[in-house]
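Visitor: what follows is a protein structure lacking sequence information:
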């Protein structure tokens, strides 16, 4: 328990930055107009792709007997991949909303 408290006391500035960036992110995302959500989602997908690549690199550079790093890296790759795929699905569904619906062809003679 003492090591956790020491970690927080030694890295208090970084903790403040993370907390402030969370609040800033919530404010920025909350004020984005609905028209920009699709491009924003596409940008988030690109960032998550970089996260997946970074997790793969970290896993490749870790020691073979460091199971903690390997397990965390594996979960980072799996969850990052799910996030990228889910983001593309949401983006595709949003783009479908903006497509014009095709009208059935009108047959001459009534029926």
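Guide: Great, that's in hand. Just so you know, these numbers come straight off a predicted model, no measurement behind them.

Visitor: helices or strands up against the lengthiest helix in the chain?
Guide: Longest helix of the chain, by residue count under DSSP state H: helix 67-98. Judged by 3 or more Cβ pairs under 8 Å, 6 or more residues apart in numbering; DSSP states H and E, helix 67-98 is in contact with helix 37-61. Every C-beta, even on glycine, is put in place using the N, C-alpha and C of the backbone.

Visitor: got the buried residues for the helix it packs on?
Guide: Using 16 or more other Cβ atoms under 10 Å as the test for burial, helix 37-61 gives 38, 41, 44-45, 48, 51-52, 55, 59.

Visitor: which secondary structure elements does it contact?
Guide: Using 3+ Cβ pairs under 8 Å, 6+ apart, helix 37-61 sits against helix 67-98.

Visitor: hmm, 10 Å instead?
Guide: Packing contacts for helix 37-61, counted by 3 or more Cβ pairs under 10 Å, 6 or more residues apart in numbering; DSSP states H and E, involve helix 12-30, helix 67-98.

Visitor: that one: how far from the chain's middle?
Guide: Centroid separation between helix 37-61 and its chain, computed with Cα atoms, centre = their mean, to the nearest Å, is 7 Å.

Visitor: contact partners of that helix?
Guide: With Cβ atoms under 10 Å, 6 or more residues apart in numbering as the test, helix 37-61 has contacts from 28-29, 32-33, 36, 66, 69-88, 90-95, 97-98.

Visitor: try it again at 8 Å.
Guide: Helix 37-61 is contacted by residues 29, 32, 69-70, 73-74, 76-77, 80-81, 83-84, 87-88, 90-91, 94-95 when judged by Cβ atoms under 8 Å, 6 or more residues apart in numbering.

Visitor: buried members of those into ChimeraX, please.
Guide: To isolate the buried subset of these in ChimeraX, counting by 16+ other Cβ under 10 Å, use the following:
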select :73,76,77,80,83,84,87,91
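
Visitor: format the helices and strands packed on helix 37-61 as TSV; extra columns: distance to residue 106 and mean pLDDT.
Guide: As requested, these are arranged in TSV below (distance: least, Cβ to Cβ, whole Å; pLDDT from 0 to 100):
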stretch	distance to residue 106	mean pLDDT
helix 12-30	45	89
helix 67-98	25	84
